[in-house]
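Engineer: Next input, structure requested:
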Amino acid sequence: MKDKFYQYIQDLQDSITSKLETIDGKATFQEDIWKRPEGGGGRTRVIQEGNVFEKGGVNISGVHGKLPKSMQTYFNVGDVDFFACGLSLVIHPKSPMVPTVHANWRYFEMYDEDGSIVDQWFGGGQDLTPYYLFEEDAKHFHQTCKTACDKHNPEFYPKYKERCDEYFHNAHRNEARGVGGLFFDYCKASEDMTMENWYNFVTEIGNSFLDAYVPIIEKRKDLPYTDAHRNWQEIRRGRYVEFNLVHDKGTLFGLKTNGRIESILMSLPPHVQWVYDHHPETGSEEEKLIQVLKHPVNWV
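Structural biologist: Predicted coordinates for the structure are as follows:
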């Protein structure tokens with residue numbers, strides 16, 4: 001399974017980066033191949049200063065070795081070996097009218113001293129973070145997620161949509177990071193779902209990503225915007241940074257397993273602001289976004 005899924009994310013990285021380069025028309029992805037001293041490595045691809053994308057990364061990794069003590073405590077296990085692979089992406093468009101997007105699809109195994117698998121699971125999801133709320137964009141993104149989920153189980157979309165709303169939440173701000181999408185983790189074999197079933201589901205979601213995001217880019221990338229719009233975008237990017245550095249489990253796992261720092265922190269946008277005690281004007285489009293972030297919406 002690990003070889004099969006790792007091949008899948010390599011192919012998915014190729015298709016996503018190729019499509020985004022075509023949309024941008026100027027910038028291309030810089031590729032870095034890196035090795036992890038303890039075992040494994042990855043292929044980082046970053047795009048910067050383009051016509052459409054200010055900064056973005058589409059990264060894959062496959063790492064293995066002894067599970068660090070700190071992560072043994074986290075997973076409540078003893079001295080075990082592990083393998084983890086996944087594709088993680090974050091795209092920060094230049095225009096404040098185009099939302100930031102994040103996605104991740106991953107697979108994890110643990111082994112006993114004989115090398116036998118003692119645990120394995122899939123995880124992942126995709127979510128949208130707009131700076132200006134176009135409700136039709138949120139509905140399109142969620143409908144694409146729902147359509148992919150429904151092919152496997154009609155209960156998946158409402159369950160994983162709710163988990164996404166719960167996970168991507170800045171509790172210290174009492175607001176969501178964005179308008180959500182899907183979040184699933186610890187997807188293990190059961191009476192209803194084999195690991196092959198989970199593979200089919202996770203790859204279905206991965207294959208839906210471009211359908212969910214590209215139409216939104218195309219619709220919004222050429223809209224006019226002002227310095228005030230850009231200023232608001234940078235303030236909201238600050239909230240994005242806060243989540244990734246304070247709450248995100250993927251960031252924590254990368255740091256605890258001696259991952260590549262440049263790849264882990266590629267999710268951070270290049271231009272960000274923290275303005276003291278900032279509040280949007282009453283009745284403004286900016287306030288409209290904040291109200292939605294404080295109260296999750298059922299978009300479909």
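Engineer: ok, Tyr160 to Asp192 distance?
Structural biologist: In this view, Tyr160 and Asp192 are 15 Å apart by Cβ to Cβ, to the nearest Å. For glycine as for every other residue, the C-beta is placed from the backbone atoms N, C-alpha and C.
Engineer: Just give me how far stretch 14-22 sits from the chain centre.
Structural biologist: Its chain's average C-alpha position is 17 Å from that of stretch 14-22, according to Cα atoms, centre = their mean, to the nearest Å.
Engineer: How about stretch 78-93?
Structural biologist: Put simply, stretch 78-93 sits 11 Å off its chain's centre (Cα atoms, centre = their mean).
Engineer: which parts of that stretch are buried?
Structural biologist: 80-93 (16 or more other Cβ atoms under 10 Å).
Engineer: Find the nearest non-adjacent residue to His229, please.
Structural biologist: Closest residue to His229 apart from its sequence neighbours, by Cβ to Cβ, 6 or more residues apart in numbering: Pro96 at 4.5 Å.
Engineer: What of Asn170?
Structural biologist: Spatial nearest neighbour of Asn170, excluding adjacent residues (Cβ to Cβ, 6+ apart): Phe243 at 5.3 Å.
Engineer: so what's that neighbour scoring on pLDDT?
Structural biologist: We have a pLDDT of 93 for Phe243.
Engineer: before we move on, back to that, can you redo the buried residues of stretch 78-93 as CSV, where the extra columns are pLDDT?
Structural biologist: Below are the buried residues of stretch 78-93 laid out as CSV (pLDDT from 0 to 100):
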residue, pLDDT
Val80, 88
Asp81, 91
Phe82, 94
Phe83, 95
Ala84, 94
Cys85, 96
Gly86, 96
Leu87, 97
Ser88, 95
Leu89, 97
Val90, 97
Ile91, 98
His92, 98
Pro93, 98
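Engineer: What lies in contact with stretch 242-251?
Structural biologist: With Cβ atoms under 8 Å, 6 or more residues apart in numbering as the contact definition, stretch 242-251 has outside contacts at 88, 104, 168-173, 177, 264-265, 267-268.
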